[in-house]
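Asker: Build me a structure from this.
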Amino acid sequence: MAGKFVLKKTSNGQFDFRLVAGNGEQILRSETYTTKPAAENGIESVKKNAGDDARYDKLTAKNGQFYFNLKAANGQVIGTSEMYKAEASRDKGIASVKSNAATAAVDDQA
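Answerer: Residues are numbered from 1 along each chain as shown. You can find the predicted model right below:
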């Protein structure tokens with residue numbers, strides 16, 4: 001099963017999306033957007049930037065867990081990963097975004 005973007009309307013009327021791997025696990029979440037077209041543009045930006053290693057910031061949270069941000073060419077964060085207990089797991093998350101994002105369909109639930 002291929003990965004997909006799940007686009008949803010939030011409880012406050014805004015929009016966000018998640019990139020979900022083929023196994024159903026969430027691998028990237030977006031910021032909240034005020035409009036659906038802005039969220040759709042965010043999805044396109046993830047697709048465009050996911051394959052570029054330079055777009056990933058590998059980070060460590062205050063609690064010692066690991067995560068990453070995917071950034072657009074302008075430096076804006078377009079997606080944030082879940083928290084991982086190990087650096088190797090975070091790196092696998094990045095690899096999963098790279099392999100899923102470009103061809104992922106959009107499941108519009110908004």
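Asker: all strands of the chain, in order?
Answerer: 4-9, 15-20, 26-29, 56-60, 66-71, 77-80, 105-108 (DSSP state E).
Asker: name the helices or strands packed onto the first one?
Answerer: If I follow you right, that is strand 4-9. strand 15-20, helix 36-49, strand 105-108 (3 or more CB pairs under 8 Å, 6 or more residues apart in numbering; DSSP states H and E). Just so you know, the C-beta spots here come from the backbone N, C-alpha and C atoms, and that holds for glycine as well.
Asker: cutoff 10 Å now
Answerer: Applying 3 or more CB pairs under 10 Å, 6 or more residues apart in numbering; DSSP states H and E, we find strand 4-9 packed against strand 15-20, strand 26-29, helix 36-49, helix 87-101, strand 105-108.
Asker: Would you mind giving the strands of the chain as CSV with mean pLDDT and mean neighbour count added?
Answerer: Putting these into CSV (pLDDT from 0 to 100; neighbours: other CB atoms under 10 Å) gives the following:
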stretch, mean pLDDT, mean neighbour count
strand 4-9, 97, 18
strand 15-20, 96, 21
strand 26-29, 95, 20
strand 56-60, 97, 14
strand 66-71, 98, 19
strand 77-80, 96, 20
strand 105-108, 96, 13
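Asker: okay, the ones you listed in JSON lines with distance to Ala50 next?
Answerer: Formatted as JSON lines, those follow (distance: least, CB to CB, whole Å):
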{"stretch": "strand 4-9", "distance to Ala50": "11"}
{"stretch": "strand 15-20", "distance to Ala50": "8"}
{"stretch": "strand 26-29", "distance to Ala50": "9"}
{"stretch": "strand 56-60", "distance to Ala50": "9"}
{"stretch": "strand 66-71", "distance to Ala50": "7"}
{"stretch": "strand 77-80", "distance to Ala50": "9"}
{"stretch": "strand 105-108", "distance to Ala50": "14"}
